[in-house]
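> Mind folding the following:
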Amino acid sequence: MPEQVKVSEIMSKNVFVIDIDENIQTVAHMMREKNVSGLIVIENDNAVAVLTLDDIVKKVVAENLSPIDVKVRDIMSSSMITAQVDELLTDVAMKMGANNVSRIPILDREGNLKGIITKTDMLKTIPAIVNYLYEKESEREIIPVTERILSDGICEDCGNYSDELRNFENRWICQECEELKNI
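I've put the predicted structure just below:
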């Protein structure tokens, strides 16, 4: 798995769509049959919205409307958050969070629907990404780095003033004294 994962690498290519003029009862049956909680709304073969189970509950059931009388166009959101096939997974994840959505249609440069990515898809990839990063980290040579804090004052070994005292074995010493100890 490359360090820069593109959304096209983990998106679902099997996208369930519903026509904008379909009634909500048909939508609910389709969601149950396909075991999904969201569908892409199409109009004239173009993706125009995402309709979710949450939309149905809040805009039809909670309002005590008849699902057979309500059309998709009546309750769908007017805007749709999308991503391009070549976008990075991290960017799409941030887009999901910023817009509080759990699924995003994936489009090609011409605007054609190519897939969908859900929060669940992303969660499924986390173990693979963690394993990849762990393997990459274990391949790197670990070079210990000692933190150098410099100060000015009197060297605790030779008693001379230095504007570059170093903390060496819990004592503040000048560079010359440190070099003598490292010989």
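> got the domain boundaries for the protein?
7-139, 150-181 (automatic domain parsing).
> would you list those domains in a markdown table and tack on mean neighbour count and mean pLDDT?
For every residue, glycine as well, the C-beta is placed using N, CA and C. Compiled in a markdown table, the domains of the chain are given as follows (neighbours: other C-beta atoms under 10 Å; pLDDT from 0 to 100):
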| stretch | mean neighbour count | mean pLDDT |
| --- | --- | --- |
| domain 7-139 | 15 | 91 |
| domain 150-181 | 14 | 83 |
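> longest helix anywhere in the chain?
Looking across the chain with DSSP state H, the single longest helix is helix 119-139.
> what's downstream of that helix, the next helix or strand?
Once the chain leaves helix 119-139, the next helix or strand it forms, by DSSP states H and E, is strand 150-154.
> any idea which helix or strand comes after that following strand?
Taking DSSP H and E, what comes next after strand 150-154 is strand 161-168.
> same for that following strand, what does it pack against?
Judged by 3 or more C-beta pairs under 8 Å, 6 or more residues apart in numbering; DSSP states H and E, the packing partners of strand 161-168 are strand 150-154, strand 171-173, helix 175-181.
> could you give the angle of it to strand 150-154?
120 degrees (axes from the mean of the first three to the mean of the last three C-alpha atoms, to 10 degrees).
> closest one to residue 163 among the helices and strands packed on strand 161-168?
strand 150-154 (4.1 Å; C-beta to C-beta).
> Look up how far residue 64 lies from the closest residue to residue 48 other than its chain neighbours.
Excluding its sequence neighbours, the residue lying closest to residue 48 (C-beta to C-beta, 6 or more residues apart in numbering) is residue 41, at 5.4 Å. Counting by C-beta to C-beta, to the nearest Å, the gap from residue 41 to residue 64 is 23 Å.
> Next: residue 76.
Residue 76 is 19 Å from residue 64, by C-beta to C-beta.
> ok, the closest residue to residue 125 other than its chain neighbours - contacts?
Nearest residue to residue 125, sequence neighbours excluded (C-beta to C-beta, 6+ apart): residue 10, at 5.2 Å. Contacts here follow C-beta atoms under 8 Å, 6 or more residues apart in numbering; on that basis residue 10 touches 89, 117, 121, 122, 124, 125.
> so how far is residue 115 from the third one?
With distances defined as C-beta to C-beta, the gap from residue 121 to residue 115 amounts to 10 Å.
> shared neighbours, those two?
Common neighbours of residue 121 and residue 115 (C-beta under 8 Å, 6+ apart) are 11, 12.
> My guess is residue 12 contacts residue 117. True?
Yes - between residue 12 and residue 117 there is a contact under C-beta atoms under 8 Å: 7.1 Å.
> Right, I'll call it a day here.
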